[in-house]
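In: Let's see this in three dimensions:
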Amino acid sequence: MLSTLRDAWRVPDIRKKIIFTLVILMIYRLGSFIPVPYIDAQQLSTLVNNGGIFGLFDIISGGNFGNFTIFAMGITPYINASIIMNLLVFAIPALENLQKEGEEGRKKIAQYTRYLTIALAIIQALGMSLSYQDLLIEKTPFTVFVVVLVVTAGTTLLMYLGEQITEYGIGNGISLIIFISIVSRIPSAIANIYNYVQVGTLNIVSLLLLIIFIVVATIAVVFVTEGQRKIPIQYAKRVVGRKMYGGQSTHIPLRVNMAGVIPIIFASSLTLLPATLANFFPNTAFSQWVSTYLGWGQPLTTIIYVILTVAFTYFYTAVTFNPYDIADNIKKQGGYVPGIRPGKPTVEYFTKIMNRLTLFGGFFLAVIAVIPIIVGAFMGGVNIQFGGTSLLIVVGVALETVKQLESELTMRNYQGFLK
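Out: Numbering: from 1, shown residues only. Model (predicted):
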């Protein structure tokens, strides 16, 4: 990885892209220190520290939600809008035809995604401002309008910065923004662990076990993220005029964890929904029942979390992977899977393989998500409940960015077979 970065820095074009990416990320971090007016920081801190979905928002936004800066909503509305548009493409024939039109169609879908992002940001900011009575210092129509406007503008700016990185920089801009948000929390996490050790909440043995767990989990995440099942494809020979085409063999790589970290984010949001709703009705029987049976870390909640993670892994993989299209493309190009007839048998074969890979990937995501909860409970309530989610995001984005750097280097250093 370090050698790849060193080699990339020596290439002027790639160096400009790296500098551009770093400048954009620096602008994002500077914006993380600009607070939104009329917000009671103490009340907001109480909401975040109570756990629930706001704790997850705070981690993904890099602390912007807890401090309620102009980037308080983070890039979450854009992620939700992208997922909704991906689902609508399969549900609405007009959008599906638009996607098949090529680059122009994808540009229009991307534009619709931006509009939906702004709408979701407005709804989310308005819901936060109106739902929590003590969140605003002055609860008037003007203050609500200012808060919604500033937060929506911040999300829109963040979406623009991410797209600029994707187009002119290195890596996926949205993923890098989430990556830098989580990484920016590492110093405060280390300080919290140090305080745990100082006050005796965490002893040296537990600290060593925590470090070993982080190292082992990181290695496991790398292996599973890079894990692939290579399906061999053989192309038949065919004669066109005086030339012979085909006859070569290749493979289609099917990733073990095709869904990435999206299932954990979805499962976390739904699992934490009862606790979040209970915050609207404090000191009630409903709130007490939720904290007793559906609080974060409770056995029932953990079981629901595992089930939802596996279910969303299957769901998201089914949305992003279409065995019918792959089998049809292979057939049109004169290819086939050795030992499998083209057409419906090939579709069934791909479906069978993906179901097995998805089952393993879903359980792996569930284990990575649940183990930090169990470890935190055994260590006296040390708050690492979203450590698995953060680890998956950081490792996945780092691997993706390094791969893009390697492809950029390969493209510029390729000299062709004549040399």
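In: Tell me which stretches of the protein form strands.
Out: Taking DSSP state E, the strands of the chain run over residues 228-235, 238-240, 243-245, 249-255, 335-336.
In: what packs against the longest one?
Out: Right, strand 228-235. strand 249-255, strand 335-336, helix 344-378 (3 or more Cβ pairs under 8 Å, 6 or more residues apart in numbering; DSSP states H and E). C-beta coordinates here come from the backbone N, C-alpha and C atoms, glycine included.
In: is it possible to export these to CSV including distance to residue 285 and mean pLDDT?
Out: Below are the helices and strands packed on strand 228-235 laid out as CSV (distance: least, Cβ to Cβ, whole Å; pLDDT from 0 to 100):
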stretch, distance to residue 285, mean pLDDT
strand 249-255, 46, 83
strand 335-336, 63, 82
helix 344-378, 26, 84
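In: can you tell me which residues contact the closest residue to residue 314 other than its chain neighbours?
Out: Leaving aside its sequence neighbours, residue 314 sits nearest to residue 358 (Cβ to Cβ, 6 or more residues apart in numbering; 5.5 Å). Shown in contact with residue 358 (Cβ atoms under 8 Å, 6 or more residues apart in numbering): 258, 259, 313, 314, 317.
In: Run a quick neighbour tally on residue 114.
Out: For residue 114, the neighbour count with other Cβ atoms under 10 Å is 15.
In: Check residue 339 too.
Out: Residues near residue 339, counting by other Cβ under 10 Å: 9.
In: so who does the residue nearest to residue 364 when sequence neighbours are not counted touch?
Out: Leaving aside its sequence neighbours, residue 364 sits nearest to residue 224 (Cβ to Cβ, 6+ apart; 5.3 Å). Residues in contact with residue 224 (Cβ under 8 Å, 6+ apart) are 256, 257, 361, 364.
In: quick one: residue 224 from residue 360, how far?
Out: According to Cβ to Cβ, to the nearest Å, residue 224 and residue 360 sit 8 Å apart.
In: Common neighbours of these two, please.
Out: Taking Cβ under 8 Å, 6+ apart as the criterion, residue 224 and residue 360 both touch residue 256.
In: Quick check: bridge partners of residue 251?
Out: Taking DSSP bridges as the rule, residue 251 bridges to residue 232.
In: pretty sure it is touching residue 228, no?
Out: No: counting by Cβ atoms under 8 Å, residue 228 is not a contact partner of residue 251; they are 9.1 Å apart.
In: quick one: pLDDT of the closest residue in space to residue 248 that isn't next to it in sequence?
Out: In space, and not counting its chain neighbours, residue 248 is closest to residue 235: 5.7 Å by Cβ to Cβ, 6+ apart. With respect to pLDDT, residue 235 scores 78.
In: now residue 235: how far from residue 326?
Out: Distance, residue 235 to residue 326, by Cβ to Cβ: 15 Å.
In: And residue 117, by the same measure?
Out: Distance from residue 117 to residue 326, by Cβ to Cβ: 30 Å.
In: Those two - which one has more neighbours?
Out: Neighbour count, other Cβ under 10 Å: between residue 117 and residue 326, residue 117 has more, with 26 against 18.
In: roughly how far apart are that one and residue 128?
Out: Using Cβ to Cβ, residue 117 is found at 16 Å from residue 128.
In: wait, isn't residue 229 in contact with residue 257?
Out: No: using Cβ under 8 Å, residue 229 is not in contact with residue 257; the gap is 11.6 Å.
In: Please say which of those two ends up with more neighbours.
Out: More crowded of residue 229 and residue 257, by other Cβ under 10 Å: residue 257, with 24 against 14.
In: Once you drop chain neighbours, what's closest to the more buried one?
Out: Excluding the flanking residues, the one nearest residue 257 by Cβ to Cβ, 6+ apart is residue 361, at 4.3 Å.
In: wait, the one you found sits on residue 254?
Out: No: in this structure, residue 361 is not within contact of residue 254 by Cβ under 8 Å, at 10.5 Å.
In: The two: which has the busier surroundings?
Out: Neighbour count, other Cβ under 10 Å: between residue 361 and residue 254, residue 361 has more, with 25 against 20.
In: who are the neighbours in contact with the more buried one?
Out: Residue 361 sits next to 224, 256, 257, 258, 259, 313, 317 when contact means Cβ under 8 Å, 6+ apart.
In: Widest-spaced pair of those residues?
Out: Maximum pairwise distance in these, criterion Cβ to Cβ, is 14.1 Å, between 224 and 317.
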